[in-house]
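> Build me a structure from this.
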Amino acid sequence: MNEFNPKQMLQHSSSERINVWMGAGDTLHSVKVSADEAMGCYSAGCGLYFRANDGCPSHTAADDSIRQPRLPRPPRGHR
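Residues are numbered from 1 along each chain as shown. The predicted structure follows:
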């Protein structure tokens, strides 16, 4: 199984610019940057939004980490 590799995903992205999300107090800000700049922002704790290319080896690993099994619902009347 491939390891999650954001740097590789950024290099293979089909997005021209990467959206970086960062917080300042109670507010979120978004800026668009290059893939190289995005990796620095990611390392500093920012969130990234971009299109991953299907040909990227890390794409499958990222998809697998997102698809978690659903937990069964608690029985009726249980709180």
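> Where does pLDDT dip in the chain?
1-2, 54-79 (pLDDT under 70).
> which residues sit against the strand or helix carrying residue 39?
For residue 39, the element it lies in under DSSP states H and E is helix 35-43. Here helix 35-43 makes contact (CB atoms under 8 Å, 6 or more residues apart in numbering) with 6-7, 10-11, 13, 18, 20, 22, 33, 48, 50. Bear in mind the C-beta positions are built from the backbone N, C-alpha and C, glycine included.
> Adding neighbour count, write the residues you listed out as CSV.
As requested, the contacts of helix 35-43 are exported to CSV (neighbours: other CB atoms under 10 Å):
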residue, neighbour count
6, 16
7, 14
10, 22
11, 14
13, 19
18, 22
20, 21
22, 14
33, 16
48, 19
50, 19
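> Narrow those to those in helices?
Assigned to helices by DSSP state H, the following of the contacts of helix 35-43 qualify: 6-7, 10-11.
> can you put the residues you listed in CSV and add distance to residue 42?
Below are those laid out as CSV (distance: CB to CB, whole Å):
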residue, distance to residue 42
6, 6
7, 8
10, 8
11, 13
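> farthest pair in the residues you listed?
Greatest spatial distance in those: 6 and 11, 9.7 Å, computed using CB to CB.
> Distance check, residue 31 against residue 10.
Counting by CB to CB, to the nearest Å, the separation of residue 31 from residue 10 is 15 Å.
> same deal with residue 41?
Distance, residue 41 to residue 10, by CB to CB: 11 Å.
> what do the two both touch?
Common neighbours of residue 41 and residue 10, using CB under 8 Å, 6+ apart, are residue 48.
> how many neighbours does residue 51 have?
By the criterion of other CB atoms under 10 Å, residue 51 has 12 neighbours.
> can you tell me which residues contact it?
The contact partners of residue 51, taken as CB under 8 Å, 6+ apart, are 13-15.
> and it, backbone torsions?
According to degrees, to the nearest 10, the main-chain angles of residue 51 amount to phi -90, psi 130.
> what does residue 12 give?
Torsion angles at residue 12 (phi, psi; degrees, to the nearest 10) stand at phi -100, psi 0.
> That one - how many residues pack around it?
Close neighbours of residue 12, defined as other CB under 10 Å, add up to 18.
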